[in-house]
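Asker: I'd like to go over a predicted model; first the sequence, then the structure.
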Amino acid sequence: MAVLEHEVAAVPYKELRVTSAGVETPVTSAATAVAGDVETALALADHHPTGQAAVQMRQRLRGHIQSLAVPAERYADRLPESREKDIAASTIRFARNLARDGISDPAIALRLLAKSVAHLARNTDLLRSA
């Protein structure tokens, strides 16, 4: 199941739906929505980190970061002052910088973008369940 950047950004999270093969399905979590892209990016990083598919995947992951950073930041803001809050805020800053500046090694970029998307999605889900 793939979620396009504009689908994530345009629809409020709790009403997110994905259309695949003409069937509309509600997405129950951000982590579920991006899991396919995360897995694909990690596989590309291991086997074929260059080429058009990898370039498109890096762009797609950057879009996910832009979409997920806001709700993940809301989650971090709600946390009490603690190491957990510092880590959550640091993760968001790192992901935004990574999405903006990038890394020259394509395999490392794919891995870092994928892991950042997974972390932001997890925090977005924690916000929803809070």
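Answerer: Ah, there it is.

Asker: Give me the buried positions along stretch 35-43.
Answerer: Along stretch 35-43, these residues count as buried under the neighbour rule (16 or more other CB atoms under 10 Å): Ala35, Asp37, Val38, Thr40, Ala41, Leu42. Just so you know, the C-beta spots here come from the backbone N, C-alpha and C atoms, and that holds for glycine as well.

Asker: what's around Gly102, how many residues?
Answerer: Neighbours of Gly102 under the rule other CB atoms under 10 Å: 14.

Asker: wait, is Ala69 part of a strand?
Answerer: No. Going by DSSP: H, G, I helix; E, B strand; the rest coil, the assignment for Ala69 is helix, not a strand.

Asker: Tell me which other helices or strands the helix or strand containing Leu98 touches.
Answerer: Using DSSP states H and E, Leu98 maps to helix 83-101. Applying 3 or more CB pairs under 8 Å, 6 or more residues apart in numbering; DSSP states H and E, one finds that helix 83-101 contacts helix 52-78, helix 106-129.

Asker: Contacts only, for the closest residue to Arg122 other than its chain neighbours.
Answerer: Excluding its sequence neighbours, the residue lying closest to Arg122 (CB to CB, 6 or more residues apart in numbering) is Ala31, at 5.7 Å. Ala31 makes contact with Ala118, Ala121, Arg122, Thr124, Asp125 under the criterion CB atoms under 8 Å, 6 or more residues apart in numbering.

Asker: what separates Ile65 from Ala30, distance-wise?
Answerer: Distance, Ile65 to Ala30, by CB to CB, to the nearest Å: 12 Å.

Asker: Equivalent analysis for Arg100, please.
Answerer: 21 Å.

Asker: The closest residue to Ala41 other than its chain neighbours and Pro106: what is the separation?
Answerer: Once flanking residues are discounted, Ala41 sits nearest to Ala114: 3.8 Å by CB to CB, 6+ apart. In this view, Ala114 and Pro106 are 12 Å apart by CB to CB.
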